[in-house]
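*Asks:* the following block contains a protein sequence and its predicted model.
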Amino acid sequence: MLKKDQTILVIVDVQGKLAQLMSDKQHLFESLQKVIQGFKVLDLPMIWLEQVPDKLGATIPEVANLLPELKPIAKTSFGCLGSNEFRCALEKTGRKQVVLVGIEAHICVYQSASQLLQEGYEVTVIGEAVSSRTSANYQVGIERMAQMGAAISSVEMLLFELLQKAEGPQFRELATLVK
């Protein structure tokens with residue numbers, strides 16, 4: 001089970017024209033917004049990544065506008081741990097349960113999950129908040145991550161797993177968010 005004091009969200013490369021080419025992009029964008037808003041309700045940390053932003057463009061406004069307090073970390077490696085800045089930011093949090101969202105499931109999300117698992121992190125991938133240009137590549141990416149030991153979850157399952165109790169203002173906010 002995910003624990004609030006051990007969990008961090010990592011948003012992977014939801015950028016520019018590439019994001020517009022994702023399979024079922026509207027559902028992807030809505031799911032990303034719900035996850036980010038949910039993490040804000042729960043007051044949990046997030047790290048935001050961009051893959052060569054000078055070439056792929058900035059993060060889509062649907063995501064970037066929800067993160068005014070954060071600055072994206074630019075990277076050139078497909079996997080997140082190839083970035084020393086990311087590695088330092090993650091280690092600084094002391095958290096060992098990483099929730100991954102973003103694109104593409106079979107490249108950057110997959111390689112990030114693989115690296116994190118190899119380094120002893122627990123990885124949860126939010127299936128509806130991850131995508132690829134084709135559904136076939138998405139499916140292969142999700143299956144490979146699951147085979148490696150990543151948990152596959154959904155937005156609603158994730159948020160209520162972190163909350164654990166149907167009480168209080170956070171529950172009311174999350175219940176409204178997922179409806």
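*Replies:* Everything's here; your move. Numbering: from 1, shown residues only.

*Asks:* give me the residue at the spatial middle of this structure.
*Replies:* Val101 (2.3 Å; C-alpha atoms, centre = their mean).

*Asks:* contacts made by the longest strand along the chain with the rest, please.
*Replies:* Counting residues, the longest strand in the chain under DSSP state E turns out to be strand 122-131. For strand 122-131, the external contacting residues (C-beta atoms under 8 Å, 6 or more residues apart in numbering) are 2, 22-25, 27-28, 31-32, 34-35, 96-105, 109, 113, 116-117, 138, 141-142, 145-146, 149-155, 158. Yep, even glycine has a C-beta here, placed from its N, CA and C like the rest.

*Asks:* also stretch 22-39?
*Replies:* Against stretch 22-39 from outside (C-beta under 8 Å, 6+ apart): 9, 11, 14, 19, 45-46, 60, 62-63, 66-67, 99, 101-104, 126, 128-135, 138, 155, 158-159, 162, 174, 177-178.

*Asks:* and those, which are buried?
*Replies:* Applying a neighbour-count criterion of 16 or more other C-beta atoms under 10 Å, the buried members of those are 9, 11, 14, 19, 45-46, 60, 62-63, 66, 99, 101-104, 126, 128-133, 138, 155, 158-159, 162, 174, 177.

*Asks:* show me where pLDDT drops low in the chain?
*Replies:* Along the chain, the model assigns pLDDT under 70 to no residue.

*Asks:* tell me where the longest helix sits in it.
*Replies:* Longest helix of the chain, by residue count under DSSP state H: helix 25-41.

*Asks:* now the angle from the next helix or strand after that helix to helix 25-41?
*Replies:* Going down the chain from helix 25-41, the next helix or strand is strand 46-51, by DSSP states H and E. Strand 46-51 and helix 25-41 are oriented at 140 degrees to each other (axes from the mean of the first three to the mean of the last three C-alpha atoms, to 10 degrees).

*Asks:* quick one: strands adjacent to strand 46-51?
*Replies:* Strands that pair with strand 46-51, judged by DSSP bridges, come out as strand 7-12 (parallel), strand 73-75 (parallel).

*Asks:* quick one: residues contacting Ile142.
*Replies:* With contact set as C-beta under 8 Å, 6+ apart, Ile142 has these partners: Ala105, Val125, Gly127, Val130, Ile152.
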